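J.: Fold the following for me, if possible:
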Amino acid sequence: MNLLAESTLMTGTLGWQDVMIVVVSLTVLLGIAFWSGRKEHDTRDFFLGGRQVPMLVAALSLVATEVSAVTITNTPGTGATEDLRYLQFFIGSAASKVFVAFLFLPVFYKHDCTSIYEFLRHRFGQPSQVGGSAFFFVTRLLASGVRLLAACGAIALITGWGLWSTLALFTAASILFIGFGGIKAVVWTGAYQAVVFLGAGAAVLGWLWRQIPGGLGEVFSVAGQAGRLRLLDFGSSLSTPTNFWAGVANAFFIGLVMFGADQEMVQRLLTVRTRRASQRAILSSIAVALPVTVIYLLIGTLLFVFLSRVEPGPFVLKAKEVFPHAVRTYLPVGLRGLVLAAILLASIDSPLASLSSSFVMDLYKPLIAPRASPRRLLWVGRAGVVGAAGLLVLIAWACNGAGNLLWLAFQIVSITGGSLLGVFLVGLLTRRGSNAANLVAMIVNTLAMAVLLAMTQKGPAGLKVLLGVSDAPAPAGEQPLLVLGWTWVVVIGTLVTFGLAWGLSFLWPARTQSFPQASITTSATKPTSPRL
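T.: Okay, the predicted model is just below:
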């Protein structure tokens, strides 16, 4: 039956089949979490899973975290309201994973890191470790707050629940299974989530294809005329944030930040037994992430064609509203439940384990309780899960009302991510660096990139409003102070931090240095820990 002709009969209510699919999906999730998370004895179990996680499971979990609720709910909206140029970002992201596999992962295993910021302690000293962890906290809390908002906002639109109650419910679920099972629960459930994401996306794509009379010809006609099929943009303008050069450069540096300098991502890669297995996991994730990205972007293209037929008139939906609106209004019973289950699972997948591990290993243990027992650290880690969850809810609530959450998440990482990455690269690629130089470079760069990003989006009046020095609204159509696409911010920020940290180390040389330079060899040297 062609549901296009009967779209006005959709009520948007959940059928019992939808409810059952959601209940079964969440039951399986919690079952996997409690099965995999049993027998947590110390921080090695809680934060690294005893390094016994299979390679394929780690790869799927990495994809689930990389995809997140922002991809599921906002990538279709980006495809429907813009075009396909987001795929250009995948090229840079894939290249960054190769770079991380052979530059970052060997040193993390060499020094048996639980938190990757322990590498900064080995290379520079404790102040760099604490500073790196603090920047991770800021970056990950803000970006993950946006991700949580994307998931819970979509759920609220589909189900009719209030946003605050949705945030509270699924944050509580995250605390329950992550606080109990630690990283093993996160990794194993992440693999399950990746499979659900693929299945739900493929099912929606197939259903949409059947609802469009004329098939491929109709899609090319309607979407092509509206510019929704544009894939590559080789324009040279620095003001276009989504042309090929800006997109690939941004994705490459963002990828280095996420997969090499972000505890949430790297923690999954450190749960496997050896460095070689970790490298295979991140490289394998490229083959899984590509179809997920393509599927959800094409869902947006087909949704544009579909909605153009069933809702004639100007396309006025925001990117974050397109997919939830279509799910609630048009998807049939059963398929609606499958999509809702995917979004629910994405909302429960959170950075709580990585935030907790960084807090315990980079802040609490070295600064507050260096002699704490493994059992005490385990309970502090669980308390950290609860504290981080509360902060995520507050950030998500504060970000409500933003436009395209996909781009917002990237912009957040662009401001602070370059500071982290620049210091890591100084440690990996040079023999220079010092704690004082690193901290000054990170702080100066973050402030500079925040101003730079604001200048690319606002004119003088808009900046005054942003800084709180004026209450007068900015005039309509005011041109930004700087004609530069925001996607260049993380590239510039990384180079600025690297240059400052390297240059300032001549003024403030390191007092001690644990080793001269991080090894970037790809040989099969065994990790220093006998347990590996």
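J.: Quick check: which element contains the most centrally placed residue in the chain?
T.: Per Cα atoms, centre = their mean, the C-alpha nearest to the average position across the chain is that of E66, at 5.1 Å. Per DSSP states H and E, E66 falls inside helix 55-81.
J.: So which elements touch that helix?
T.: Applying 3 or more Cβ pairs under 8 Å, 6 or more residues apart in numbering; DSSP states H and E, we find helix 55-81 packed against helix 126-159, helix 163-211, helix 263-269, helix 275-310, helix 319-329, helix 335-348, helix 405-429. All C-beta spots, glycine's among them, are computed from the backbone N, C-alpha and C.
J.: Out of those helices, which one sits most buried?
T.: Scoring the helices and strands packed on helix 55-81 by mean neighbour count under mean count of other Cβ atoms under 10 Å gives helix 263-269 as the most buried, with a mean of 27.
J.: How about the residue nearest to the centre of the chain, nearest residue that isn't a chain neighbour?
T.: A289 (5.8 Å; Cβ to Cβ, 6 or more residues apart in numbering).
J.: A95 too?
T.: F252 (5.4 Å).
J.: how much does the strand or helix carrying that neighbour deviate in direction from helix 55-81?
T.: Element membership for F252, per DSSP H and E: helix 244-260. For helix 244-260 against helix 55-81, the angle by axes from the mean of the first three to the mean of the last three Cα atoms, to 10 degrees is 150 degrees.
J.: Report the distance from helix 244-260 to the chain centre.
T.: Relative to the chain's own centre, helix 244-260 is displaced by 13 Å; criterion: Cα atoms, centre = their mean, to the nearest Å.
J.: same thing with stretch 152-162?
T.: Remark: stretch 152-162 is offset 21 Å from the chain centroid, using Cα atoms, centre = their mean.
J.: what's next to that stretch, contact-wise?
T.: If you take Cβ atoms under 8 Å, 6 or more residues apart in numbering as the criterion, stretch 152-162 is touched by 14, 69, 72-73, 163, 166-167, 170, 320-321, 323-325, 327-328, 336, 339-340, 343-344, 347, 396, 400.
J.: That one - what's its average pLDDT?
T.: Confidence for stretch 152-162, expressed as mean pLDDT, is 75.
J.: For the residue nearest to N435 when sequence neighbours are not counted, list the residues it contacts.
T.: Excluding the flanking residues, the one nearest N435 by Cβ to Cβ, 6+ apart is P127, at 3.9 Å. For P127, the contacting residues are N435, A436, N438, L439, by Cβ under 8 Å, 6+ apart.
J.: Buried ones in the helix or strand containing the second one, by neighbour count?
T.: Secondary structure from DSSP H and E places A436 in helix 435-457. By neighbour count with 16 or more other Cβ atoms under 10 Å, helix 435-457 contains the buried residues 435-442, 444-446, 448-449, 451-456.
J.: what packs against it?
T.: Looks like helix 435-457 contacts helix 126-159, helix 405-429, helix 460-467, helix 489-504 (3+ Cβ pairs under 8 Å, 6+ apart).
J.: Taking helix 489-504 as reference, get the angle to the second one.
T.: The directions of helix 405-429 and helix 489-504 differ by 30 degrees, with the same axes, to 10 degrees as the criterion.
J.: Run a quick neighbour tally on S239.
T.: By the criterion of other Cβ atoms under 10 Å, S239 has 15 neighbours.
J.: just checking, it touches L484?
T.: Yes. Judged on Cβ atoms under 8 Å, S239 makes contact with L484 at a distance of 6.2 Å.
J.: Distance of the residue nearest to the centre of the chain relative to R268?
T.: 10 Å (Cβ to Cβ, to the nearest Å).
J.: Was I right to think R280 contacts M55?
T.: Yes. Taking Cβ under 8 Å as the definition, R280 is a contact partner of M55 at 5.4 Å.
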